[in-house]
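S.K.: Provide a 3D model corresponding to the input given below.
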Amino acid sequence: MGGLTKGTWVLVADGQKALFLRNDMDAQDPHLVVIRIEEQDNPADRGQATDRPGRMYDGGPGQRSALAETDFHQLAKERFADDLAEILYKQAHRGAFDRLVIVAPPPVLGDLRGKLHKEVASRVVAELDKTLTNHPLDKIEAMLKDELEKA
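M.R.: Sure thing, here's the model as predicted:
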């Protein structure tokens, strides 16, 4: 597929951390360089919730129903996808990259895919549903090369 040509950007993300990488070599011998790192402090929902779920009165006498509690952890993940999409849009608009490979676990990939501006989406050459944010760069290079050669 040749997804990792020279100058291709690679976004490696999960719900809390993102690495913006650029391939400075070619598809046969990728060399990824970190351009930017974004991290979000997003503790588990139980650490963010401050109160028990609210209740509301139903129509019947003495009846009350519980309201669903806000999942702050999930909201933060969605906002992080918004932030990443905005960063990518600004960089694409500046002409920083022509090709983009996105590597993220399926839920994050889905969130991000839905938020990408068409100017960015048109530059996506490959997507991999993997969690690689805590892998060293040489492992990410090897896995990307292997996966993209299969495609």
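S.K.: Now do the phi/psi pair for the residue lying closest to His117 once chain neighbours are set aside.
M.R.: Leaving aside its chain neighbours, His117 sits nearest to Tyr89 (4.4 Å; criterion: C-beta to C-beta, 6 or more residues apart in numbering). (Each C-beta comes from the backbone N, C-alpha and C, glycine too.) Per-residue torsions, Tyr89: phi -60, psi -50 (degrees, to the nearest 10).
S.K.: What is the neighbour count of Tyr89?
M.R.: 17 (other C-beta atoms under 10 Å).
S.K.: go on, Asp83?
M.R.: 14.
S.K.: for the helix or strand harbouring Ile102, packing partners?
M.R.: Under the criterion of DSSP states H and E, Ile102 resides in strand 100-103. In terms of contacts (3 or more C-beta pairs under 8 Å, 6 or more residues apart in numbering; DSSP states H and E), strand 100-103 is packed against strand 9-13, helix 106-115, strand 124-128, helix 137-150.
S.K.: for those, which one ends up most surrounded?
M.R.: Most buried of the helices and strands packed on strand 100-103 by mean neighbour count (mean count of other C-beta atoms under 10 Å) is strand 9-13; its value is a mean of 25.
S.K.: thinking again about what came up before, which among the helices and strands packed on strand 100-103 is found nearest to Val33?
M.R.: If you check each of these against Val33 by C-beta to C-beta, helix 137-150 wins as the nearest, at 8.3 Å.
S.K.: show me where pLDDT drops low in this structure?
M.R.: Scanning the chain for pLDDT under 70 picks out 1-2, 41-78.
S.K.: can you rerun that using 80?
M.R.: 1-3, 40-78, 151 (pLDDT under 80).
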